[in-house]
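In: Dropping a prediction and its sequence here:
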Amino acid sequence: MTSPSTDVPAPIIALGIDAANPDLIRGWADDGTLPVLRSLMQRGRYGTVRGLDGFFVGSTWPSFYTARTPARHGFHYTVQLRRGSYDLFNPADRGVVSQPPFWRALQEAGFATTILDVPLVALDMARGGTHLIEWGGHDALYGLASTPPELALDILAHEGRHPQPPNCDAVHRDADSYRALVDALESGAAARGAWTRRLLSRAHQGLLLNVFSEAHCIGHQAWHLHDTSHPAHDPAWVAAHGDPVRRVYRAIDAAIGDIIAEANGATIVVFSCHGMGYWYGAHFLLRDILVRLGVTRPDPEPSRGARAASLARRGWRTLPASVRGAARRLLREPEQAPAKQRVRASDAASRCFPIGNGLAVSGVRINLRGREPDGIVEPGAERDALESLIERELLAVIDDRTGAPLVRSVRRTRDLYDGEFVDDLPDLLIEWSDATPTGSTTVGGGASATVRAHSPRIGTVERRNDYGRTGEHRRDGIIIAAGPGIAPGPLLEPVSVLDLAPTLCAMLGVTLEHADGRPAPALLPDVEFPGTRSTIIRKRE
């Protein structure tokens, strides 16, 4: 790391808007809905953030704060396959990622860092600086904590806990519960702005980074109320209460404005690492397709008792969390630690099997001899032939809703990324077409929840989507940077999510070593910084 020069750079206030749709931000900035972001775009640089091919759901935030690909930091989803086994585990058990966050480089160079609510990161107690996790967040793994501990206590004393619980997933929402969700997220954004301003009112030199999680939650849960083309759209609700996504984005914009008012000449960076749109795809059909292709074994027929238990579990999961909690209290049912998870027994005996990677891009694992305990497929030619078969046949599957391919692309992870953890990732990445939204049985009366598809090899497969979200991630986000020495205007090329941390470091004159990204020159002040282009580990096509 290189220490800052004698010319002290402006402090940085970096504000993430988790999973915000970049087109909405641009459009609502243009029409004045988001006046603060409009002002920043008028006086600063703005452009597209390119997310991670194949891993823009689970790996986005770890790749942002390490500036490394998932093949280098090892995290791709909240449930992963344990190396050398068929066991599934939560990567949070090992601290989420194996690489350090970029703010340690700033601390070692002598800068103060205040890191707040960055998703999917453990509390960093081994170094200096201020760190708070999970006051609000869509993916809570650890619970609210801070270093120093007084920070979390101060926020709880002044603002309380975030009005929305950390897991906002739910099903069978009625009009009142959607209204309560929007109100809670608006209040959460305002409270986040309040305690961030309080921190900024103290001496601040270096980097303050905070992430607004509220956009992530409203995007997943209420996209159908925003999107008039969605099959579950409810114009009457919107007429009575307004566009919920627009309301939450406006609340975030107002909170950012209040924070900037305390900026005192700082460089302002607002960014979204990935985006959001309507829910799409057919991950729930993948296993059926692989079974029809003869590469994954079907499950044995369940007994009558097992079928009844499965139906009961599905019914239980459709109940709101508040109802399930009340029932547990009534029955005095204790919360139990989850049992050890494994892949299905049929998967361990298959040539390949689905593996969790999010729903926009599914993962497939090859049961490889020498890597898996009971591996079947030989490395080399046999593996290549199997992967080519899967790719060819998946791309031939036609979505009956559109008459077009159901799958957009099938890519081999090792063709995209190198690194010590590449064998911990799915081998194949199945990106579903987003040509049309997929509905859900839990909203809108189940409109468009059935997906029916066919090909010469698999015949016809059909299932209904029971998952309650109506919004799903898109790969790309947005960045806006304004401050001393940054020339205004649009960016001519996208900035990789891997470039964001090196760019923030370079703004303070610090080189982030061993990164898979590099500083984006167009976002840097017109001053010298002691950095050179880092080695790019990511493969280029």
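Out: Nice, thanks for sending it over.
In: Relative to Val295, how far out is the residue nearest to Asn367 when sequence neighbours are not counted?
Out: Among residues not flanking Asn367 along the chain, Ile376 sits closest, at 4.9 Å (CB to CB, 6 or more residues apart in numbering). All C-beta atoms are positioned from the backbone trio N, CA, C, and that covers glycine. Using CB to CB, to the nearest Å, Ile376 is found at 10 Å from Val295.
In: what residues do the two have in common as contacts?
Out: The contact sets of Ile376 and Val295 overlap at 350-351 (CB atoms under 8 Å, 6 or more residues apart in numbering).
In: Just to check, Arg38 is in contact with Arg26?
Out: No. Arg38 lies out of contact with Arg26 (CB atoms under 8 Å); the separation is 9.7 Å.
In: center of the protein - which residue?
Out: Nearest residue to the geometric centre of the chain (CA atoms, centre = their mean): Val57, 4.1 Å.
In: OK, contacts around that residue?
Out: By CB under 8 Å, 6+ apart, the residues touching Val57 are 77, 274, 357-361, 473.
In: Count the residues that sit near the closest residue to it other than its chain neighbours.
Out: Leaving aside its chain neighbours, Val57 sits nearest to Gly358 (3.1 Å; criterion: CB to CB, 6+ apart). Gly358: 21 surrounding residues under other CB atoms under 10 Å.
In: ok so Gly358 is a helix residue?
Out: No. Counting by DSSP: H, G, I helix; E, B strand; the rest coil, Gly358 falls outside a helix, being coil.
In: any weak-confidence spans in the stretch 301-450 of the chain?
Out: 301-340 (pLDDT under 70).
In: Tell me which of Ile376 and Val295 has more neighbours.
Out: Per other CB under 10 Å, whichever of Ile376 and Val295 has more neighbours is Val295, with 20 against 16.
In: can you pull the pLDDT of the more buried one?
Out: Looking at Val295, its pLDDT reads 98.
In: Phe353 versus that one, what's the distance?
Out: Taken as CB to CB, the span from Val295 to Phe353 is 9 Å.
In: Kindly report the same for Leu491.
Out: Taking CB to CB, one finds Leu491 at 41 Å from Phe353.
In: out of those two, which sits in the more crowded spot?
Out: Between Leu491 and Phe353, Phe353 has the larger neighbour count (other CB under 10 Å), namely 26 against 18.
In: and that one, what helix or strand is that in?
Out: strand 352-355 (DSSP states H and E).
In: quick one: strands adjacent to the helix or strand just after that strand?
Out: Later in the chain than strand 352-355, the nearest helix or strand by DSSP H and E is strand 361-366. Note on strand 361-366: by DSSP bridges, its sheet partners are strand 352-355 (antiparallel), strand 428-432 (antiparallel).
In: any idea how far Leu359 is from the closest residue to Ala232 other than its chain neighbours?
Out: Distances taken as CB to CB, 6+ apart place Gly444 nearest to Ala232, at 2.5 Å, with adjacent residues excluded. Going from Gly444 to Leu359 by CB to CB gives 18 Å.
In: Neighbour count: the two, which is higher?
Out: Set Gly444 next to Leu359 and count neighbours by other CB under 10 Å: Leu359 wins out with 20 against 17.
In: The closest residue in space to the more buried one that isn't next to it in sequence: neighbouring residues, count only.
Out: Once flanking residues are discounted, Leu359 sits nearest to His283: 4.7 Å by CB to CB, 6+ apart. Using other CB under 10 Å, His283 is surrounded by 22 other residues.
In: OK, contacts around the residue nearest to Asn367?
Out: Ile376 neighbours (CB under 8 Å, 6+ apart): 349-351, 367, 369.
In: what's the closest of those to Pro484?
Out: Of all the contacts of Ile376, Pro484 sits closest to Asn367, with 55.7 Å by CB to CB.
In: Would you check that that closest one makes contact with Asp374?
Out: Yes. Using CB under 8 Å, Asn367 is in contact with Asp374, at 7.2 Å.
In: out of the two, which sits in the more crowded spot?
Out: Asn367 (24 against 10).
In: How much space separates the more buried one from Glu378?
Out: 11 Å.
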